[in-house]
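J.: Give me coordinates for this.
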Amino acid sequence: MDRLANQHPDYAMLPASAASVALEAGRYEQAIQRSQRLLRFTPNYLPAQLILAEAQLQRDPQAAYQLLNDITAQHPENPQGFNLLAEAAGRSGHDSWGHLARAEHLQLTGRVDRGIRQLSIARDAAERENDQQALARIEQRREDFIEYRETLEDFN
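T.: Next up is the predicted model:
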């Protein structure tokens with residue numbers, strides 16, 4: 001992979017693939033280094049960002065959580081980012097935000113009703129944590145999900 005990447009420096013997918021192979025092999029430090037190197041040359045390259053976040057999830061869930069918050073803000077239509085964010089939030093003690101991220105993932109993958117139910121779980125967690133910011137965001141997303149579901153029903 002490295003030889004191919006050197007021969008074709010304009011193809012960011014080659015070093016990203018090498019980082020992905022390192023991740024899949026459990027070589028997290030190497031995946032992190034490769035992703036960070038690629039991101040220096042191609043900032044905000046989503047495949048490299050996701051590989052970096054997934055590798056960091058294995059080493060430092062809080063750092064992964066922060067990175068994935070940024071990624072999902074930049075790419076709110078990417079279900080993989082929300083799936084990883086849910087995992088990172090759960091591993092770093094941000095339960096209500098993790099349930100919210102899981103709801104976003106469900107909605108983005110076409111499971112709107114399950115997403116709405118997940119938001120109820122998120123609301124309960126935010127109430128237990130007394131996290132007013134999470135509660136406000138969850139309620140807003142609940143309204144958005146219901147409106148989206150109604151639009152889909154009207155369309156059909």
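
J.: which element follows the lowest-mean-pLDDT helix or strand in the chain toward the C-terminus?
T.: Of all helical and strand segments in the chain, the minimum by mean pLDDT, DSSP states H and E falls on helix 2-7, at a mean of 64. Using DSSP states H and E, the helix or strand that follows helix 2-7 in sequence is helix 13-24.

J.: who touches Gln49 in this structure?
T.: By CB atoms under 8 Å, 6 or more residues apart in numbering, Gln49 lies in contact with Ser35, Leu39, Leu67, Ile71. For the C-beta atoms, the positions are set from N, CA and C on the backbone; glycine is no exception.

J.: Could you check how far the third one is from Gln140?
T.: Look at Leu67 and Gln140: by CB to CB, to the nearest Å, they are 23 Å apart.

J.: ditto for the first one
T.: Taking CB to CB as the measure, Ser35 and Gln140 are separated by 32 Å.

J.: Out of the two, name the residue with the larger neighbour count.
T.: Ser35 (28 against 10; other CB atoms under 10 Å).

J.: list the contacts for that one?
T.: Ala16, Ala19, Ala48, Gln49, Ile51, Leu52, Ala55.

J.: If we use 10 Å, what do you get?
T.: 15-16, 18-20, 22-23, 45, 47-56 (CB atoms under 10 Å, 6 or more residues apart in numbering).

J.: Going by neighbour count, list what's buried in stretch 113-120.
T.: Gly115, Ile116, Gln118, Leu119 (16 or more other CB atoms under 10 Å).
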